[in-house]
Each structure stands twice: as structure tokens, then as C-alpha cells.
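sharing a sequence plus its predicted fold:
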Amino acid sequence: MTEPAAPTTMPIAKALNSGLRAAMREDDRVLLMGEDIGPLGGVFRITDGLHAEFGGDRVLDTPLAESGIIGTAIGLAMRGYRPVIEIQFDGFVYPGFDQIVSQLAKMTARHRGAVRMPVVIRIPYGGHIGAVEHHQESPEAYFAHTAGLRVVSPATANDAHWMLRQAIASDDPVVFLEPKSKYWSKGEVLASPAAGLDGVTGMHRAVIAHPGTDVTLIGHGAMVHVLLQAAQIAEREGTSCEVVDLRSLSPIDWETLVGSARRTGRVVVAQEAPGHVSVGSEIAATIAERAFYSLEAPVLRVSGFDTPFPPAQLEDIYLPDADRVLDAVDRAMAY
């Protein structure tokens, strides 16, 4: 796995790997920490080859202790390093939750800006891999709710590469959510622009993944692919759907979201996470607030159910699919 020198088609997993490699080559303060990320290259092989290139002092295998990993990263950041942590699976982040919300997120404010926290926490998240409990969760709302954290999630290979490099360059802590079910989905990764990181879309900007005129569909991560599928089906049935890739969950690019809502007059927000007190809830409430006079229908939400993630045999029932999105589209158009 190598950094792309020209526009190259590659899976999201390889794009993440190339982003890590590029950041480590550019700045020797960048180091990686996580369980089995060294010679093995991680359970998803995202760090494959990096231990061999950069050595054990910069690609560190850690004990199975998320609180210790995050606490160590906080100390390293205070000494001028830029640690990138891999949490092996989404549900494994909870033992480190106190370190994230009580220390990492608050350290800069606690020191009135004098102490920066350039820590990236990479979390493979979401379902569609047929795994067991604690391996298919969507914990984004916990982190998006926490002041002091930046929370982002790429949906494409190009965003995986460039957003990861932008996250590592940030002086604030970034929770970097990777849709693990799309690790092997391929896409084009653009060559380095002349302006460097400033020449690509900002990490906190939403993008229009598919233009449309009748209904706005909003989602992030793997859900973007579901929304694009739903938009294609709806188009054959005569309904034009605009798909907005959220990309950043905190802060949220309200200008793009509200602008799309005002153009179409109808909005459906979709996510894999449970709907109660969620990112989708916040988006629905804010659009209803800011685009009220443009809306032709209530903002509708499609989400996972408000239950713990079920056994793998039931994940297709639990996770939103194109049919559930299209049902919401039909209900929005019926107003």
C-alpha cells in the first residue's frame, strides 16, 4: 500500500493506509497506537506495512486497554506528539470513554487554549458485517454531543484519505469514524493538489453527492451509499432526490444542509444508529427551525431501532435499507 502519486482507484481501507503513510512521512511527530496494529497491520489491515517502514517507535502495539491507550495519547500530545489511535471495534471504545469526554475533550479549554490536543481516534463503526455484539455499533451521538471534540466520517475513498490527513493536521481532538462495511468499496483518490490540504474540500463541509429537486436525503458514512441507491430507484419512479453526504457530525455544515432543504422543501435524515436523541434528531430539529417556511412536509427520520444491536441474523431487519428510505420519501411526497 502506497500513497497515491496520481488519481488512483483503491478501496477505502487502502486510502486510509495511504493517508496515514503520507502524514507520517510529512511529520515525524505523528505516531500510531493500537491493538495489533504493528506487524499484523490491524484486524482490518489499515496499518499494513507501516510498522515495517516506520518501526516500533512510531507504530506501537498496545495492551488491550483502551483507557490506557487514550490516556497515553493525551500525555504524548501534551509533549508535542500527534498520536493516531486505532480502536479495534466501535464497541471497544467505551472503556476509554471517560478519558475521551472528561480529559481529552476538555484539556484545551481547561488550559485556556495553551494546551492543544492533536489526537485522532480512529473507530471502525457500523453494521453490515455479520459480527457479534460490540462489533457493529454506531456510537457517534455520544461524541457529537461532547463539546471539544471534532467528529467526522468519510463515505468515499477520496474522503477517507484526505479527511484523515486533515484530522491528523488538526490541533483539536478528532473522532474519526470509519464505516467498516465499506472498507473494500473502491473509489478514486485524487492526487495531491498544489495547495496541499487547503486544496481539498474542508473536513467539516458537507457535499452534494447527488443533485435533486424533490426531496433531500441526508446521511453519513455507509448510509450515504444506501441513500444513493434509494435515489436511483426513486428517480426511475419519477421522484428526484438530492443526496447530501454529511461528512462532519460535529461541527455540522448547516449552510449546505439548510440550503438543500430550502431548495427541495422535503427532507429525510437517515442513520444506522438508534433514532432517539441522535445526530439525526439534531439535524431534523435544526432544519425545522431554520427552513420552516420552505418546508412542504415534516422532516422525517429513518434509523436503527431503539434497542441494543441485535444478533447478526437480524441485522438486515435492524439496519435501514433503501426500502425504508423510499417509504419515508413516499410519506414526505404525500404531504
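The structure has been received and is ready for your questions.

so where do the helices sit in the stretch 1-150 of the chain?
12-26, 50-54, 66-78, 97-98, 107-110, 140-144 (DSSP state H, counting those that start in this stretch).

of those, which stretch is the most buried?
Comparing the helices of the stretch 1-150 of the chain by mean neighbour count (mean count of other CB atoms under 10 Å), helix 12-26 comes out on top with a mean of 23. Where you see a C-beta, it was placed from the backbone N, CA and C, and this is true even at glycine.

give me the contacts around it.
1-4, 10, 30-32, 44-50, 53-54, 58, 84, 122, 154, 156-158, 160-162, 164-165, 168-169, 178-179, 182-187, 189 (CB atoms under 8 Å, 6 or more residues apart in numbering).

of those residues, buried ones?
Applying 16 or more other CB atoms under 10 Å to these, the neighbour count classes 1, 3-4, 10, 30-32, 44-50, 54, 58, 84, 122, 154, 156-158, 160-162, 164-165, 168-169, 178-179, 182-183, 185, 187, 189 as buried.

can I get the helices of the stretch 1-150 of the chain in a markdown table with mean pLDDT?
Supplementary listing: the helices of the stretch 1-150 of the chain in a markdown table, determined by pLDDT from 0 to 100:
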| stretch | mean pLDDT |
| --- | --- |
| helix 12-26 | 97 |
| helix 50-54 | 98 |
| helix 66-78 | 97 |
| helix 97-98 | 97 |
| helix 107-110 | 95 |
| helix 140-144 | 97 |
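
can you lay out the ones you listed as a markdown table showing distance to Asp198?
Conversion of these to a markdown table gives the following (distance: least, CB to CB, whole Å):
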| stretch | distance to Asp198 |
| --- | --- |
| helix 12-26 | 14 |
| helix 50-54 | 25 |
| helix 66-78 | 23 |
| helix 97-98 | 34 |
| helix 107-110 | 23 |
| helix 140-144 | 25 |
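
quick one, which of these gets closest to Ala222.
helix 12-26 (10.1 Å; CB to CB).

tell me how this structure divides into domains.
Split into domains by automatic domain parsing, the chain comes to 8-199, 207-334.

averaged pLDDT, the last one. What do you get?
Across domain 207-334, the average pLDDT comes to 97.

quick one: end-to-end length of that domain, please.
End-to-end distance of domain 207-334 (CA to CA, to the nearest Å): 27 Å.
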